[in-house]
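K.L.:
based on what follows, work out the 3D shape:
(one chain, ligands or ions: 1)
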Amino acid sequence: MTRLLIMGPPGSGKGTQAVRIADKMAIPAISTGDIFRYNVKELTELGKEAKGYIDAGDFVPDDVTNRMVADRLNHKDVANGFLLDGYPRTQGQVEALNKIMDDKGEDLTAVLVLEVPDEEIVERLLARAETEGRSDDTAEVIQHRLDLYHQETADLIEGYVEQGIVGRVDGTGAIDDITERLLQTIYNIRARTGTLPVIKPRSGE
Ligand code: ADP
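P.N.:
Numbering: from 1, shown residues only. As a prediction, the model looks like this:
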């Protein structure tokens, strides 16, 4: 079982790396941002509720987000674990996730933190605005998302540091190199906390 969080400012490459790491570990990458955007596109009730917040770069309210994640973590495909991308972002979400894990009697394996300087973040997101046209990639909204990250999300990492499961990784440079750093970091945390998967001999050996 591998239960991972990937944290870091908007534009730090969480989504890109989450998919790569999750593929390697054969677990689903669960991105709250992707789920919200999908629901906005499909005009679902959840999407209608979330759209205004997303466009403004604000957090979707905790009750909505927490319910969605709790529901997602009940799907069958998380039997081997999961990688949460973009959740938790508030203290209320940390508490909700703690409760979900406690109820299941499970622990998080590792919390990966992608570090990228603010100046590079703004450059990356403005460049992405040109190609992807995300409604929240305007200069003003980017700055607001970044401010929210520093005000509400960055401090949440400390709680996980106390559990000894945080790995901070340099999120600048080549995408492949960053993936390697993340995989190595997961390995190091597992070795340190005694959660490396046990390799069993095949039957008859
Ligand atoms: P980024 O990390 O670049 O801001 P995401 O795709 O992760 O992009 O999130 C886009 C938007 O979706 C956020 O600005 C917010 O409105 C909403 N969102 C995503 N995850 C959460 C969350 N955990 N809590 C509240 N809102 C969220």
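
K.L.:
chain center to stretch 162-179, what's the gap?
P.N.:
Centre-to-centre, stretch 162-179 and its host chain are 12 Å apart (CA atoms, centre = their mean, to the nearest Å).

K.L.:
how close does E162 sit to L156?
P.N.:
E162 sits 12 Å away from L156, going by CB to CB, to the nearest Å. Every C-beta, even on glycine, is put in place using the N, C-alpha and C of the backbone.

K.L.:
what's next to the host helix or strand of A191, contact-wise?
P.N.:
Taking DSSP states H and E as the definition, A191 sits inside helix 175-193. With contact meaning CB atoms under 8 Å, 6 or more residues apart in numbering, helix 175-193 is reached by 2, 4, 13, 16-17, 20-21, 24, 109-110, 112, 114, 164-167, 169-172, 195-197.

K.L.:
for the ligand, give me its nearest residue in this structure.
P.N.:
Proximity of the chain to the ligand (CB to the nearest ligand atom) peaks at G33, 1.9 Å away.

K.L.:
excluding chain neighbours, what is closest to that residue?
P.N.:
Using CB to CB, 6 or more residues apart in numbering and skipping residues adjacent in sequence, the residue nearest G33 is G86, 4.9 Å away.

K.L.:
give me the neighbour count for the one you found.
P.N.:
Neighbourhood size, G86 [other CB atoms under 10 Å]: 23.

K.L.:
verify the contact between it and T32 for me.
P.N.:
Yes - between G86 and T32 a contact is recorded at 4.6 Å, counting by CB atoms under 8 Å.

K.L.:
got the contact list for the worst-scoring helix or strand of the chain on mean pLDDT?
P.N.:
Across the helices and strands of the chain, mean pLDDT, DSSP states H and E gives its lowest value to helix 118-132, namely a mean of 93. Outside helix 118-132, the residues that touch it by CB under 8 Å, 6+ apart are 9-12, 116, 134, 137-139, 142-143, 146, 172.

K.L.:
TSV for the residues you listed, including pLDDT, distance to the ligand and neighbour count?
P.N.:
Putting those into TSV (pLDDT from 0 to 100; distance: CB to the nearest ligand atom, whole Å; neighbours: other CB atoms under 10 Å) gives the following:
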residue	pLDDT	distance to the ligand	neighbour count
P9	97	7	24
P10	96	3	24
G11	94	6	25
S12	97	8	24
V116	97	11	20
R134	88	8	16
D137	92	8	21
T138	93	12	15
A139	93	14	11
I142	95	9	22
Q143	96	12	15
L146	96	9	18
T172	98	16	14
